[in-house]
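>>> Using only what follows, build the 3D model:
(chains A and B)
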Amino acid sequence: MNWFEKLMPSRIRTEGSDKGSVPEGLWTKCDSCNAVLYRAELERNHEVCPKCSHHMRMGARKRLEGFLDETPREEIAANLQPVDMLKFKDSKKYKDRITQAQKATDENDVLIAIKGQVKSVPLVAAAFEFKFMGGSMGSVVGEKFVRAANVALEHNIPLVCFSASGGARMQEALFSLMQMAKTSAVLQKMSKRGIPFISVMTDPTMGGVSASLAMLGDINIGEPNALIGFAGPRVIEQTVRETLPEGFQRSEFLVEHGAIDMIVDRRDMRDRLASLLTMMQNKPAA
Amino acid sequence: MNPNFLEFEQPIAELEAKIEELRYVGDDSEINIGDEISRLQEKCKSLTESIFSKLSAWQTSQLARHPQRPYTLDYIDRIFSDFQELHGDRAFGDDKAIVGGMARLNGRPVMVIGHQKGRDTKEKIHRNFGMPRPEGYRKALRLMKLAERFKMPVFTFIDTPGAYPGIGAEERGQSEAIARNLFEMAALKTPIICTVIGEGGSGGALAVGVGDRVMMLKYSTYSVISPEGCASILWKSAEKAQDAAEALGITSRRLKELGLIDEIIEEPLGSAYRDIDATARNIRQALIEGLENLDKMGLDKLLDARYQRLMGYGQFSEA
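Residues are numbered from 1 along each chain as shown, chains lettered A, B, ... in the order given. You can find the predicted model right below:
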């Protein structure tokens, strides 16, 4: 505090140096149309731009909170933690990457699963946190997905999964590849028992996640303009040495080619899924 | 430098060339150089032994992709009889990167499916370098379903850099094709034995790799991503492929230690291509023994064990 400020009566003094500036995060820009948006309004709108309907990427927990009824909610296997069994080290240690990602996201790993309801239809909903190491699927994702499916099996309620992932987690090497087989196997079991599984693919759903649980929905749904595919566009471009067609690997492209059933606007997700799920379970409309 | 040999094999190749030369001389001269030849052969053998006793993961990955390494059809010819190749996915086409068909093993009808690479440039292109498109995986699935219906065990041979990253492959649902195979193989009502014979490249390999018994030839590799791919993503430089190979633990020995595979099949000194017949005999033996054990389990137990095995993959803590 300088001598001048000391002279001021305390009630007109303000703390901090950023007085007068706009608080961080009050306004935000749409990635697509560049419109300046009021943060709170954007949140109310499920992170969809009110001007151009662009679907921004959304955190897993926020997504589930917006998707599920407020009560009841019961988180599944929240305490599962990744381990660095291979002592994997590239430019950074895997152990450090885990710690860093956990700090940045406040989550233990990528997948979050909650038993709850949508418009009073009981279900298990899971979502991928893309900010946690690119939503990569390692042992914890595989195990938590299986546990979520097991809760669905046990209570005879459907499973909905919102995926957002770059693919397998390289730092867990072959263990992560095997999660593709593991998650697919539990879906086989659900399918045999006649329990619905709806897969919602959000931006982006690639590699090992798309080539396992994400494409195995009884119903496959894409969010508008989500990138969905096996190989990344850059890898394909380098391999075939030609420019990729317009809209390649986007949801609209996938509907066109018969890979997904429909595109659903995030703001309609609750209504559309509740409607589908009640029909699939031969229940009255929600 | 001989292009048919890898860099670390060059000392062996040179020594062998010298022996050949001496043999040639020996044929038309009166001097007895037999002793010299057998001395050199002995030296060559111990040199090979010493080189192969301390292979790095990177060297192993080169061996797995050796230009002379035997491919699926080389083994099918030697292991099975009456092989009848079956073609097509009944929907789009016939993918040449995956071969499959019925055959007999010790007289018993079986289904054989495997990735197929090409030897020369023309054949490499014909086989798309062993990189399947969706129709390849769908053909494989069709054959597996046939096997299930006619109660034949399924043997798969894995040898691919990965599923093909192409425009058409994406348009026709590469992801779905792979996922569908994982889904169906988890509960296919017949024994499945998978053998990695060369390169086990990621999802493209796993799509025919879910089974009751997973085996690897000693100098094959199995990985979530190629060392080069991993290096360019995590190290931001493809030059670091050697480090990536080491870190990924892609060798049969490492994967056996980690409990991710069941058995390592021996290869002759200097690796499979040095004696394809002997390698094929080793595979055949392992298949017969493996199948015998699976037969004893009965179908219900077999499927239950397969499911438990799949559920057991992964390491995590529960703090």
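
>>> Could I get the pLDDT score of A:Pro9?
We have a pLDDT of 67 for A:Pro9.

>>> Could you report the distance from B:Lys256 to chain A?
Applying Cβ to the nearest Cβ, to the nearest Å, the value for B:Lys256 to chain A is 11 Å. All C-beta spots, glycine's among them, are computed from the backbone N, C-alpha and C.

>>> Alongside chain B, which residues does the stretch 1-150 of chain A contribute?
Within reach of chain B by Cβ under 8 Å from any Cβ of the partner chain, the stretch 1-150 of chain A has these residues: A:77, A:79-83, A:85-86, A:88-91, A:138-140, A:142-143, A:146.

>>> could you flag which of those residues are buried?
Neighbour counting over the residues of the stretch 1-150 of chain A next to chain B (16 or more other Cβ atoms under 10 Å in any protein chain shown) leaves A:77, A:80, A:82-83, A:85-86, A:88-90, A:138-140, A:142-143, A:146 as the buried ones.

>>> which of those residues has the weakest pLDDT?
Lowest pLDDT within those is found at A:Asp90 (87).

>>> Contacts only, for it.
With contacts defined as Cβ atoms under 8 Å, 6 or more residues apart in numbering or on different chains, the neighbours of A:Asp90 are A:171, B:230, B:234-235, B:243-244, B:247.

>>> Dump the residues you listed to CSV, plus distance to B:Leu143.
As requested, the contacts of A:Asp90 are exported to CSV (distance: Cβ to Cβ, whole Å):
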residue, distance to B:Leu143
A:Gln171, 35
B:Cys230, 32
B:Leu234, 37
B:Trp235, 39
B:Asp243, 39
B:Ala244, 34
B:Ala247, 36
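
>>> Would you map the strands across the stretch 101-250 of chain B?
Taking DSSP state E, counting those that start in this stretch, the strands of the stretch 101-250 of chain B run over residues B:108-115, B:154-160, B:192-201, B:213-217, B:221-223.

>>> What's opposite A:Ile198 in the beta bridge?
Per DSSP bridges, residues listed as beta-bridge partners of A:Ile198: A:Val160, A:Ile219.

>>> doesn't A:Val160 make contact with it?
Yes - using Cβ atoms under 8 Å, A:Ile198 makes contact with A:Val160 at a distance of 4.8 Å.

>>> Need the overlap of contacts for these two.
Listed contacts common to A:Ile198 and A:Val160 are A:273, A:277; contacts here mean Cβ under 8 Å, 6+ apart.

>>> Neighbour count: those two, which is higher?
Looking at A:Ile198 and A:Val160 with other Cβ atoms under 10 Å in any protein chain shown, you find the greater number of neighbours at A:Val160, namely 27 against 22.

>>> who are the neighbours in contact with that one?
For A:Val160, counting by Cβ under 8 Å, 6+ apart, the contacting residues are A:118, A:123-126, A:197-200, A:273, A:277.

>>> Now B:Ile98: phi and psi?
Here the main-chain torsion angles of B:Ile98 (degrees, to the nearest 10) amount to phi -130, psi 130.

>>> List of residues touching the least confident helix or strand in chain B by mean pLDDT?
For chain B, the helix or strand with the lowest mean confidence is helix B:10-27, at a mean of 85 (criterion: mean pLDDT, DSSP states H and E). By Cβ under 8 Å, 6+ apart, the residues outside helix B:10-27 that reach it are B:1-2, B:4-5, B:33-34, B:36-37, B:40-41, B:43-44, B:47-48, B:51, B:270.

>>> and B:Asn32, how many neighbours does it have?
Residue neighbour count, defined by other Cβ under 10 Å, stands at 9 for B:Asn32.

>>> Shouldn't it be within a strand?
No - per DSSP: H, G, I helix; E, B strand; the rest coil, B:Asn32 lies outside any strand segment and is coil.

>>> can you tell me which helix or strand residue 61 belongs to?
If you meant another chain, say so; for now it's chain A. Assessed by DSSP states H and E, A:Arg61 sits inside helix A:60-67.

>>> oops, I was thinking of chain B
B:Ser61 belongs to helix B:57-64 when assigned by DSSP H and E.

>>> Which residues does that helix contact?
Contacts of helix B:57-64 from elsewhere in the structure, counted by Cβ under 8 Å, 6+ apart, are B:6, B:8, B:55, B:69, B:198-199, B:219-221, B:227, B:241-242, B:245-246, B:248-251, B:254, B:271.

>>> what ranges of chain A fall below the confidence cut-off?
A:1, A:4-5, A:8-23 (pLDDT under 70).

>>> go with 80
Applying pLDDT under 80 to chain A flags residues A:1-25.

>>> can you pull out the strands in it?
In chain A, strands defined by DSSP state E lie at A:27-29, A:36-38, A:74-75, A:80-82, A:111-118, A:121-128, A:159-165, A:197-206, A:219-222, A:228-229, A:262-263, listed in chain order.

>>> got TSV for the ones you listed, with distance to A:Leu177 too?
Conversion of these to TSV gives the following (distance: least, Cβ to Cβ, whole Å):
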stretch	distance to A:Leu177
strand A:27-29	37
strand A:36-38	40
strand A:74-75	27
strand A:80-82	16
strand A:111-118	17
strand A:121-128	17
strand A:159-165	14
strand A:197-206	15
strand A:219-222	22
strand A:228-229	18
strand A:262-263	30
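
>>> where's A:Leu216 relative to chain B, distance?
Between A:Leu216 and chain B the distance is 5 Å, computed by Cβ to the nearest Cβ.

>>> Name the nearest residue to the residue in the stretch 51-200 of chain B positioned nearest to chain A, sequence neighbours excluded.
Sorted by distance to chain A under Cβ to the nearest Cβ, the residues of the stretch 51-200 of chain B start with B:Pro165, at 3.3 Å. Across the structure, with Cβ to Cβ, 6 or more residues apart in numbering or on different chains as the measure, the residue nearest B:Pro165 apart from its sequence neighbours is A:Ala231 (3.3 Å).
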